[in-house]
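In: sequence unknown, structure follows:
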């Protein structure tokens, strides 16, 4: 169980360009942080670095549990959801199969996945192929794994982008519940999130 | 069902959907070997002499067919990120992907190989041995092919690149397998080349998952 994410003095380089340096951030349980910054400032790269997919040039990323620092690999594998621009859904598979796979792979159960589908108004879509879904429906399907498989730290990259007003409000409720239950959210956003958040700015 | 079972089910269904699954590979295998008598002439003695070697070369080519999509789709749609954050290490994920590829494409090819070889003039008594050899060879093809597919991630026209990277690695199983059939037909000891083939296949199974996982992480970063 992750209770805090610590980012200290981080610098990330993509190609020849240093995106940012001396970036520090601490997110604790029960807190949501909105990561803001211009296009290309490095919001997505920071999220990917926290998830362990990009190696920072310098700096430290660590996860704390109730009893002190956690093994970084275990924290990522068991405590971290990442939802990026690409949702990892296979166009030629059925919504139900993808929903259940994503949730179970992240440590949830099939029942919890189907309950998440009900919560996000996906029930009518379960027997369709993923290819016929709209962008907003796909995003809701990808979001279902956040509910279907409980993990404390959510790394969200533009979670609101393709969603309509109703779904945005719904996601707001889900995020508020997660934070109230001791979860952590770090979300890269341009539009304001529908819940109270602390803002962290990225960029030089 | 454990998390391994969940992944196996997904990978099997993806491997089956990838490029027509078993039917495409077996169809290619059959079509390519049928061309041989048309090119060489129908003299049975001449065909029988090359049947073992030709079976192996075409087998290697047929197993390359659907490899290029093995990691690329997961990379393109972001599923590789999801797989990387799951409970199993990428090494295990890669192993399961290759085993699924082998089940869907290698095993049906192993069933077709004795039929094709015998049709070309190999001794029918050699059929069980050809089946075992083709199965082992297919295992090596799947794992080495998976390595090529992972290395070619993030490059356009990956399919051709994979073939160029992987074909040299497929020569040992082609040599061992071809010699095993040849020796069996001419009454020489055939167990040694078969054991070498098995050794090469198991070596590939043991070592290539590390290369595949490393190549995937490299593509993700």
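Out: That came through fine. In this text, all values refer to a predicted model and were calculated from it rather than measured experimentally. Residues are numbered from 1 along each chain as shown, chains lettered A, B, ... in the order given.

In: residue A:93 and residue B:13 touch, don't they?
Out: Yes. In this structure, residue A:93 is within contact of residue B:13 by CB atoms under 8 Å, at 7.0 Å. Heads up, the C-betas are built off the backbone N, CA and C, glycines and all.

In: got the residues of chain A near chain B?
Out: With CB under 8 Å from any CB of the partner chain as the criterion, chain A comes near chain B at residues A:48, A:51-55, A:76-78, A:80-82, A:84-93, A:97, A:101-102, A:104-107.

In: put the buried members of those residues into a PyMOL selection.
Out: Buried subset of these, written as a PyMOL selection, criterion 16 or more other CB atoms under 10 Å in any protein chain shown:
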select buried, chain A and resi 48+51+52+53+54+76+77+78+80+81+82+84+86+87+88+89+90+93+97+101+102+104+105+106+107
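
In: quick one: which of the residues of chain A next to chain B sit in strands?
Out: A:80, A:81, A:82 (DSSP state E).

In: name the nearest residue to residue A:72, ignoring sequence neighbours.
Out: residue A:63 (6.3 Å; CB to CB, 6 or more residues apart in numbering or on different chains).

In: can you pull the phi/psi pair for the one you found?
Out: With angles defined as degrees, to the nearest 10, residue A:63 sits at phi -120, psi 130.

In: let me know the closest of the ones in strands among the residues of chain A next to chain B to residue A:3.
Out: Closest approach to residue A:3 among those (CB to CB): residue A:80, at 13.3 Å.

In: that older thread, reformat the ones in strands among the residues of chain A next to chain B as JSON lines; add pLDDT.
Out: JSON lines is the format used below for these (pLDDT from 0 to 100):
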{"residue": "A:80", "pLDDT": "92"}
{"residue": "A:81", "pLDDT": "93"}
{"residue": "A:82", "pLDDT": "93"}
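
In: could you list the low-confidence segments of chain B?
Out: Low-confidence regions of chain B, defined by pLDDT under 70, span residues B:1, B:19-21.

In: residue A:134 - how many residues pack around it?
Out: By the measure other CB atoms under 10 Å in any protein chain shown, the count of residues near residue A:134 is 11.

In: wait, I meant residue B:91
Out: Other residues within reach of residue B:91 by the criterion other CB under 10 Å amount to 16.

In: give the contact list for it.
Out: B:209, B:210, B:212, B:213 (CB atoms under 8 Å, 6 or more residues apart in numbering or on different chains).

In: then residue A:47?
Out: A:35, A:82, A:84, A:155, A:156, A:157, A:186, A:188.

In: return the residues in contact with the residue lying closest to the last one once chain neighbours are set aside.
Out: Right, the one you point to is residue A:188. Leaving aside its chain neighbours, residue A:188 sits nearest to residue A:43 (3.6 Å; criterion: CB to CB, 6+ apart). Listed by CB under 8 Å, 6+ apart, the contact partners of residue A:43 are A:35, A:36, A:37, A:157, A:188, A:202.

In: show me what contacts residue A:37?
Out: So residue A:37 contacts A:43, A:188, A:201, A:202, A:203 (CB under 8 Å, 6+ apart).

In: hmm, 6 Å instead?
Out: Counting by CB atoms under 6 Å, 6 or more residues apart in numbering or on different chains, residue A:37 makes contact with A:43, A:201, A:202, A:203.

In: for those, which one is nearest residue B:164?
Out: Closest to residue B:164, out of all of the contacts of residue A:37 and judged by CB to CB, is residue A:43, at 38.1 Å.

In: report the separation between the closest one and residue A:12.
Out: 11 Å (CB to CB, to the nearest Å).

In: same question for residue A:195.
Out: 27 Å.

In: okay, the two: which has more neighbours?
Out: More neighbours surround residue A:12 than the other of residue A:195 and residue A:12, with 22 against 19 (other CB under 10 Å).

In: the more buried one touches residue A:19, doesn't it?
Out: Yes. Contact criterion CB atoms under 6 Å: residue A:12 and residue A:19 qualify, at 4.9 Å.
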